[in-house]
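Enquirer: what would the 3D arrangement of this be:
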Amino acid sequence: MNIKKIIVNRRDYAKLRQIISLNPSPENHYLKKLEEELSNAMLVEPEQIPPDVVTMNTKVCFREIDESEEFVYTIVYPEDADLEQGKLSVLAPIGTALLGYRTGDRVSWKVPAGIKTFQVEKILYQPEADGNYLL
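Expert: Here you go, the predicted model:
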C-alpha cells in the first residue's frame, strides 16, 4: 500500500524474517503485509539507525490524521504483545504500518475499519538511540 522505503536494522530484519518463515501460511494477511514492507526496506546496522525511526521495541506516539487523539504504543514482537501494557504486536495492522517510518512521516494503511492515514508524532523511546542494540 505504501511505496516509501522504510528503514529497518539488520537485527530486527533477521528476526522478523524468521517469524515469517516459521509461519508460512499464505492465508496470513498480516505476515504477507510485513513481508512486503521488509522486501522494500533499507537495511542498516543497529548502531546506524537514526533516532527518529520506529524500530522494534520503540515507544512511539502517533495519531490518525482524521482524529485529534494521540496514541502511544511500544511496537513489539508477537510474543511480547500486551495491549493493556501498551505493547502492540508488529503483526497488528498499525504495528506493521509504523515499522521503519520516521517522525513526521505519514502512512496510509488498511486496518479493520478501512484505510486510515497515520502520522508518527514523536519517538518516546528507541532502543538504538539509548545504546541498546540487543533487544
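Enquirer: which residues touch the most centrally placed residue in the chain?
Expert: Centroid-nearest residue in the chain: L99, 2.1 Å away (criterion: C-alpha atoms, centre = their mean). Listed by C-beta atoms under 8 Å, 6 or more residues apart in numbering, the contact partners of L99 are 6, 8, 34, 37, 54-56, 75, 90. Where you see a C-beta, it was placed from the backbone N, CA and C, and this is true even at glycine.
Enquirer: K33 against I94, yeah?
Expert: No - at 11.4 Å, K33 does not count as touching I94 under the criterion of C-beta atoms under 8 Å.
Enquirer: so for those two, which residue has more residues nearby?
Expert: I94 (21 against 17; other C-beta atoms under 10 Å).
Enquirer: show me what contacts the more buried one?
Expert: 62, 73, 88, 109, 111, 118.
Enquirer: could you tell me whether it really is in a helix?
Expert: Yes - assessed by DSSP: H, G, I helix; E, B strand; the rest coil, I94 belongs to a helix.
Enquirer: if I look at it, how far off is N23?
Expert: 19 Å (C-beta to C-beta, to the nearest Å).
Enquirer: equivalent analysis for Y125, please.
Expert: 28 Å.
Enquirer: returning to that earlier point: now render the contacts of L99 as TSV, adding pLDDT and neighbour count.
Expert: What follows is the contacts of L99, written out as TSV (pLDDT from 0 to 100; neighbours: other C-beta atoms under 10 Å):
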residue	pLDDT	neighbour count
I6	93	20
V8	96	24
L34	88	20
E37	89	24
V54	97	28
T55	97	24
M56	97	23
I75	98	25
V90	93	26
